[in-house]
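1. got a predicted model here, sequence first, then my questions.
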Amino acid sequence: MAFSVLETTILRAKGLTDEQLASLAAAGVEGRDGFKTIGDAATLAEVLPGLDPSVAAAVMAWAAGTGTPPGDGAPRSVVVDTADVLYCIHCKAKQPKDYKSGDLCPSCGKQAEPILSCFWCASSGPGKFCRQCGAEFVATGELDLAILLRRDGLPKDEIPKKLRGLGADEKDVLWGRVRKSRG
């Protein structure tokens with residue numbers, strides 16, 4: 001037997017028939033490691049004529065150890081970075097180790113981590129959250145709206161959510177209130 005009992009069970013679950021398993025064994029494929037020589041789903045389909053491409057892809061994903069999460073069919077990947085790693089908010093490029101807040105991204109030339117003002121405590125800094133009070137930063141163009149919502153008594157955590165949920169007409173009404181308060 002070219003495959004262990006467990007491997008045979010898994011390959012059957014992936015969609016291979018007993019005849020296809022026997023053909024693989026006759027071709028010299030022994031165990032999960034034998035699929036490394038095959039390399040990809042297209043070659044597996046050539047070795048086993050009539051094999052459904054989705055079955056070939058499922059078998060090769062299992063053999064390669066990539067697997068697929070339920071539902072989306074995309075391979076799993078886990079990236080572990082240290083706490084000091086920073087990615088550009090525009091192009092998602094990893095920034096160099098000597099990066100300092102406010103530097104431009106070497107990949108796209110934009111400010112990798114813009115300096116934003118906090119609507120809650122008026123301090124400024126980089127990132128997604130204020131380092132003084134913990135409030136989530138809002139877009140610079142909506143800072144006045146956030147300050148208005150703060151004066152209206154909305155909680156700190158609700159203001160960014162509310163701004164994301166407002167439509168253009170609702171924001172226009174708020175901008176009218178901002179202009180009126182300045183007048």
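-> Structure's in. What do you need? Residues are numbered from 1 along each chain as shown.
2. hang on, isn't L149 packed against P160?
-> No: using Cβ atoms under 8 Å, L149 is not in contact with P160, being 9.5 Å away. For every residue, glycine as well, the C-beta is placed using N, CA and C.
3. and the helix or strand of the chain with the lowest mean pLDDT, what does it pack against?
-> Per-element confidence for the chain was summarised using mean pLDDT, DSSP states H and E. The lowest value among helices and strands belongs to helix 34-38, with a mean of 84. Contact partners of helix 34-38 among helices and strands, from 3 or more Cβ pairs under 8 Å, 6 or more residues apart in numbering; DSSP states H and E: helix 41-47, helix 53-64.
4. need the strands for the chain, in chain order.
-> Counting by DSSP state E, residue ranges of the strands within the chain are 116-117, 124-125.
5. deepest-packed of these, please.
-> Mean neighbour counts were compared across these using mean count of other Cβ atoms under 10 Å; the top stretch is strand 116-117, at a mean of 18.
6. that older thread, just checking the distance from the least confident helix or strand of the chain to the centre of its chain.
-> Using Cα atoms, centre = their mean, to the nearest Å, the mean C-alpha position of helix 34-38 is found 30 Å from that of the whole chain.
7. and the contacts of it?
-> If you take Cβ atoms under 8 Å, 6 or more residues apart in numbering as the criterion, helix 34-38 is touched by A2, L24, G28, V29, L44, V47, V59, M60, A63, A64.
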